[in-house]
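1. Build the 3D model from these lines:
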Amino acid sequence: MVALQRVLFILVCLSCGTALAADSRQLVDSPEGKSAFDDLGTFYADNSKKVPYDARLKDLAGADAAAQKRAGAYIATLFKQSYADEFNGRAPVKRSPFFGGGGTNSDARVFRAELAKAFGTQAAGDAALDSISWLLNDEKMAANQAAGLDALKRIKTPQASELLQSLLNPPHPVATVVIGAINELAERQLKAAAQAIKALCNSHRSAVRDAARKAAPRFGLGDAPEFKPETAFTPALTTQIESIAALVFTPIPKDAKWAHFTSGNDKSPTELGGWVLAENKDGTVQILDWFGNIQLQPKDAKRVARTLAEEAHGLVVLRRSGQELSGLSRGGMGTFQFEPKFASVPELLVGAWSLKAGEKAAASEILFSLYDSIPDDRWLGWVARDLIGASYHQQMLVAFSHQRDMPRTLAFARHLSKPIFDDYTYQPRAKQLAEQIEPSKPAGPKKVPQLVPTPDQWAATKKKMPRIDQIKLLAQYLEQLNCIQMGQPGDVNYADKQFAEPYSLGAARKTEWINPYNELSELGLTPAEIPTLVPHLNDKTFLPTFSYWRDFHSKRTLHQLNWVVAAIINDAAKKPLVNVGIFESDAAEKQKHTDTILAWCKENAAKTRDQLADERPKAKVGGPRIDAP
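-> Residues are numbered from 1 along each chain as shown. The predicted model follows:
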């Protein structure tokens, strides 16, 4: 279970896009909201300073109605605010010391688990129902949801019983919550829940099914009929599974046939299933594979016609065999090490495609065992969304940067912007890139990128152009800065040679462009000239430039124009004058920082670059480096 909890933390982090959707403001505008916000902030700064929720839990169970209400509001806000803080950057995240471990635990998540545990054992009264409802409906951690149910069991009011019944129809995604609700409703002998119990006797989850069948006599129900997997696909479950199939970018032709391919050598063959899209004259076969990607199978690949049901059964046998499952990861062992182990994209897509094709027996065989292996039904959808999303996100960046294919970039960006990818970590980026390429609102003429000149053209142009106009024009060219990461781990180099032709053409790249970053750096900007670039610090236009830690890890950094401008300004100032992160803040913070930059420029307007360099603090021998990079 510890391993599963860590996987869920990874999934939840992927789902919320910390850096892309940060908002660390107070969530609830009320006195209790402010108290919760401030108390959590104190705890994040110093974990020894505990959040004072113990007294509020006692107030919940007390006789003072006003105190109960205040306590209920405070505790509910603690849950909601700490959940927001887990992803908005406000709460520190502990780092793993292991290779590729990344973040392992957020202070906000640790606190929420502590609060949920105490709440589950102590909370009482209707004033606790707001917190209980949030835990059951909005919390992602199964243990915290179970704590909410524990508290609900102690409240015997009509409102509590109504909330209990709501957990059965539609069934709550966490199996232990459904089972707990079934047992509690049986204890309360609430006959109104009988029909929901009867339906759950045919649940897709074996544990829920067993609990409902055991409780059925207490609701006056007879013996439940034999379980038929094909009939367990409720409308809600069907919608959830069909949404997995809808994640795939390429439509499947109605006449497409499924096939299984084996390529490579006999000692380490590559197995792959997919829809056959085209038979090429050279003997290669174009398929939509079970990862949701189009690829070519070589002409010497062994091909076997299979039905979806046969493919589904083969995947079930493979998982049950205990064999290595890295072949079910898009990048083999490289990507497999960073992915959940309880389900794979091939299993999820084959299962979803089987259901869509009416093959319910095949779909139930492959999917129901996966549901039984996890606490929360939603995990399968989250896995599919994040892993398929990561594949399309990387293809989008390659199209944008390496190929400079704007129609293909836009197609991927629009696909990732669909509601089925809501909460995918890079969805906000996809939406912003789609808007950048093709603005959806008719807010005046579309900005047309300046055509970057060749070195000879620029040499002739700048002879006739005042220096300040050169700076302005070069700043416009920065939008097309196209730098390619050449090794890993590593980064991109803004000083790379630039070409009119895309990187994907390889040796065919012959038309050299000037590099506007180099040209601006070589101008040797003075403090008096820096203000010309300052307006561009608000320009978050994405450059056709991205970097990464490892190509087999899903994280990608898509660079922005204002990052390059900040680098140029800091180099000219001979100090870290610009903190580009502040330009992700609210308008007041951005304006304050801009005013500071401009004030420094005015104060140092008469100084030369050499004078600025002389003023730069020097690192002490044997001590930390303190001068600007």
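2. Could you tell me whether His559 really is in a helix?
-> No. Counting by DSSP: H, G, I helix; E, B strand; the rest coil, His559 is not found in a helix; it is strand.
3. I'd say it and Tyr548 touch.
-> No. Applying C-beta atoms under 8 Å as the test, His559 and Tyr548 come out as separate, 11.5 Å apart. C-beta coordinates here come from the backbone N, C-alpha and C atoms, glycine included.
4. State the distance from Asp59 to Gly120.
-> 17 Å (C-beta to C-beta, to the nearest Å).
5. What of Asn169?
-> Computed as C-beta to C-beta, the Asn169 to Gly120 distance reads 24 Å.
6. got the buried residues for the helix or strand harbouring Ala116?
-> Using DSSP states H and E, Ala116 sits in helix 107-122. Within helix 107-122, the residues scored as buried using 16 or more other C-beta atoms under 10 Å are 107-113, 115-116, 119-120, 122.
7. Over to stretch 520-539?
-> Buried, per 16+ other C-beta under 10 Å, within stretch 520-539: 520-521, 523, 525-527, 529-530, 532-533, 536-537.
8. How much space separates the spatially most central residue of the chain from Gly389?
-> Geometric centre of the chain, nearest residue: Thr425, 2.1 Å, by C-alpha atoms, centre = their mean. Separation of Thr425 from Gly389 (C-beta to C-beta) stands at 8 Å.
9. My guess is the residue nearest to the centre of the chain contacts Asp386. True?
-> Yes. With contacts counted by C-beta under 8 Å, Thr425 reaches Asp386, the gap being 7.4 Å.
10. what pLDDT, on average, does the helix holding Ala116 get?
-> The average pLDDT for helix 107-122 rounds to 96.
11. mind exporting it as PDB, just the C-alpha atoms?
-> Extracted in PDB, the C-alpha atoms of helix 107-122 (Å, rounded to 0.1, in the frame of the first residue of the first chain):
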ATOM      1  CA  ASP A 107       4.100  19.500   3.800                       C
ATOM      2  CA  ALA A 108       0.500  20.200   2.900                       C
ATOM      3  CA  ARG A 109      -0.100  16.600   2.100                       C
ATOM      4  CA  VAL A 110       1.500  15.400   5.300                       C
ATOM      5  CA  PHE A 111      -0.500  17.800   7.300                       C
ATOM      6  CA  ARG A 112      -3.800  16.900   5.600                       C
ATOM      7  CA  ALA A 113      -3.200  13.200   6.300                       C
ATOM      8  CA  GLU A 114      -2.500  14.000  10.000                       C
ATOM      9  CA  LEU A 115      -5.700  16.200  10.200                       C
ATOM     10  CA  ALA A 116      -7.800  13.600   8.400                       C
ATOM     11  CA  LYS A 117      -6.700  10.900  10.800                       C
ATOM     12  CA  ALA A 118      -7.600  13.000  13.900                       C
ATOM     13  CA  PHE A 119     -10.800  14.100  12.200                       C
ATOM     14  CA  GLY A 120     -11.800  10.500  11.500                       C
ATOM     15  CA  THR A 121     -11.500   9.500  15.100                       C
ATOM     16  CA  GLN A 122     -12.900  12.600  16.800                       C
END
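12. How far does it sit from its chain's centre?
-> 24 Å (C-alpha atoms, centre = their mean, to the nearest Å).
13. could you say what helices and strands it packs with?
-> In terms of contacts (3 or more C-beta pairs under 8 Å, 6 or more residues apart in numbering; DSSP states H and E), helix 107-122 is packed against helix 31-45, helix 54-60, helix 65-85, helix 129-137, helix 142-154.
14. What are the structural domain limits within the chain?
-> According to automatic domain parsing, the chain comprises the domains 2-233, 242-373, 455-615.
15. name the helices or strands packed onto the host helix or strand of Ser161?
-> Secondary structure assigned from DSSP H and E places Ser161 in helix 158-166. Judged by 3+ C-beta pairs under 8 Å, 6+ apart, helix 158-166 is in contact with helix 129-137, helix 142-154, helix 175-188.
16. Would you convert those into a markdown table that also reports mean pLDDT?
-> Listed next are the helices and strands packed on helix 158-166 as a markdown table, based on pLDDT from 0 to 100:
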| stretch | mean pLDDT |
| --- | --- |
| helix 129-137 | 96 |
| helix 142-154 | 94 |
| helix 175-188 | 96 |
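17. For Asp614, find the nearest of the ones you listed.
-> helix 142-154 (57.6 Å; C-beta to C-beta).
18. CA atoms only for the closest one, dumped as PDB, please.
-> The C-alpha coordinates for helix 142-154 follow below in PDB (Å, rounded to 0.1, in the frame of the first residue of the first chain):
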ATOM      1  CA  ALA A 142      -8.000   7.100  -0.300                       C
ATOM      2  CA  ALA A 143      -6.900   7.000   3.300                       C
ATOM      3  CA  ASN A 144      -8.200  10.500   3.900                       C
ATOM      4  CA  GLN A 145     -11.500   9.600   2.200                       C
ATOM      5  CA  ALA A 146     -11.800   6.600   4.500                       C
ATOM      6  CA  ALA A 147     -11.300   8.900   7.500                       C
ATOM      7  CA  GLY A 148     -14.200  11.000   6.200                       C
ATOM      8  CA  LEU A 149     -16.400   7.900   6.200                       C
ATOM      9  CA  ASP A 150     -15.300   7.000   9.700                       C
ATOM     10  CA  ALA A 151     -16.500  10.400  11.000                       C
ATOM     11  CA  LEU A 152     -19.700  10.100   9.000                       C
ATOM     12  CA  LYS A 153     -20.500   6.800  10.700                       C
ATOM     13  CA  ARG A 154     -20.700   8.500  14.100                       C
END
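19. Many thanks, I have nothing further to ask.
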